[in-house]
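S.K.: show me the folded form of this:
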Amino acid sequence: MPCMPNKRGTCGQWHEVRFRGDVRDHILTKRIKPMITGYLPLLKAPDDKSSDWYKEFHNLYYLSQLTNMLLLSYVDSFYELYSKEAILNEKHDYLVLNEIVTIGQDDTMVIVDEDEVKSIEVEDFLEDIIENKFRAHAEMMSVHFAMIGLELEGSLDKKTEVNIKDLLKSTNAKNWYGVVKGFLNIWEFLFLYSIIETTVKKHLNLTGQVHEENLLKLIFEKYPTLMAKVEEEISVDSHAITDLWVLYTGFRNIYSHSHGIITKYAKSSLAGKLQNFKDSFNVKGIHNVLVEADKLFQNDMLVKDKFYLLQDIELNIFRNFIIALVENLEKVNISS
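M.R.: Residues are numbered from 1 along each chain as shown. The predicted model follows:
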């Protein structure tokens, strides 16, 4: 049956694409491969024959997926159930003026940018945290210490000021809902990178310092049939796979060593990797699955001295690659 897209990206499962013929008025159905850009976080379950490392990877992987989705679902569910209608009513003039919503001919309100509406809810929560949680917790701690004859020095005397608008400007996000999603994406990306790095090193019996960019080359050398299996799985060639790993390793280093800030050096370091990635994917890959490579890691989002928040589709690519790599690594490992 046709695949239904969802909020985290284009669908990524095997699905049908329907074409209407030019000569005869009939529908043709063609089966196509999973989309590397789509959100399909399904990792094959281990069985009795599965290796211990695969079982461990499977558990860690789903810990990350469930945690990430749970946190975002809380935000989305609260918005839908409790906040949406109130925001649309109370912020009506602001939303119309900023073209976040439009008014139809029958006076119905049409939401143009739902993320902007959700961001209003997120900002309200953040202001409440700043005003009523941070200082209130410090005051509560002071009371507890006073009850046992101790005085908590310093904390309540600090001048604190948290401006969420200034914090937003330090990122590449348009709104605070984008910040929340982006941080969840970064957390998941770093977690996935860490467990695949550890998994590959175990297979290679590597310890100590290793140049991470070389890990993929080494694992493909150890298992010569692995590359072809991964290529087939995600419909990209070996150059694209190599360039993908090098690029995402570059982003992993930025998050690990410069806390996600795009410095002058970081942007220069990424430039060649980004171009190789986009060139290789435009040969065989993303342009064949409805998304142009130029839509990814756009230059106007890689702003110097600002925090880079990973976009959904950029995380989808890495996650889907990791799934293909691990599942096929398990196959060749068992058969070897």
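S.K.: the stretch 101-250 of the chain: strands as residue ranges?
M.R.: 101-103, 109-111 (DSSP state E, counting those that start in this stretch).
S.K.: dump the ones you listed into TSV; add mean pLDDT as well.
M.R.: Below are the strands of the stretch 101-250 of the chain laid out as TSV (pLDDT from 0 to 100):
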stretch	mean pLDDT
strand 101-103	93
strand 109-111	92
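S.K.: ranking the ones you listed by burial, who's on top?
M.R.: Each of those was scored by mean neighbour count; the highest is strand 101-103, a mean of 15, by mean count of other CB atoms under 10 Å. C-betas here are computed from N, CA, C, even on glycine.
S.K.: and that strand, what does it pack against?
M.R.: Judged by 3 or more CB pairs under 8 Å, 6 or more residues apart in numbering; DSSP states H and E, the packing partners of strand 101-103 are helix 92-97, strand 109-111.
S.K.: how about the ones you listed, which one is nearest Ser51?
M.R.: strand 109-111 (47.8 Å; CB to CB).
S.K.: other SSEs contacting that closest one?
M.R.: Strand 109-111 packs on strand 101-103, going by 3+ CB pairs under 8 Å, 6+ apart.
S.K.: quick one on the thing from earlier: out of the strands of the stretch 101-250 of the chain, the one nearest Tyr74 is which?
M.R.: Going by CB to CB, the one of those nearest Tyr74 is strand 109-111, 20.6 Å.
S.K.: partner strands of that closest one, with direction?
M.R.: strand 101-103 (antiparallel) (DSSP bridges).
S.K.: that older thread, in a markdown table: the helices and strands packed on strand 101-103, plus distance to His144.
M.R.: A markdown table is the format used below for those (distance: least, CB to CB, whole Å):
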| stretch | distance to His144 |
| --- | --- |
| helix 92-97 | 42 |
| strand 109-111 | 45 |
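S.K.: nearest to Ser73, of the ones you listed?
M.R.: Comparing the helices and strands packed on strand 101-103 by CB to CB, strand 109-111 comes nearest, at 19.4 Å.
S.K.: need the contact partners of that closest one.
M.R.: Leu88, His92, Ile100, Val101, Thr102, Ile103, Gly104, Val117 (CB atoms under 8 Å, 6 or more residues apart in numbering).
S.K.: close enough to count as contact, the first one and Val117?
M.R.: Right, the one you point to is Leu88. Yes - judged on CB atoms under 8 Å, Leu88 makes contact with Val117 at a distance of 7.2 Å.
S.K.: now for these two: what residues contact both?
M.R.: Between them, Leu88 and Val117 share the contacting residues Leu95, Val101, Ile111, judged by CB under 8 Å, 6+ apart.
S.K.: what's around the first one, how many residues?
M.R.: Counted with other CB atoms under 10 Å, the burial measure for Leu95 works out to 23 neighbours.
S.K.: how much space separates it from Ile36?
M.R.: 36 Å (CB to CB, to the nearest Å).
S.K.: the last one now?
M.R.: Computed as CB to CB, the Ile111 to Ile36 distance reads 30 Å.
S.K.: more neighbours, Leu88 and Val117?
M.R.: A count of neighbours by other CB under 10 Å puts Val117 above the other of Leu88 and Val117, at 21 against 16.
S.K.: any idea how far that one lies from Glu188?
M.R.: 24 Å.
S.K.: same thing with Ala271?
M.R.: Distance from Ala271 to Glu188, by CB to CB: 25 Å.
S.K.: what's the answer for Ser280, then?
M.R.: Counting by CB to CB - Ser280 and Glu188 are separated by 24 Å.
S.K.: how about Gly104?
M.R.: Taken as CB to CB, the span from Gly104 to Glu188 is 38 Å.
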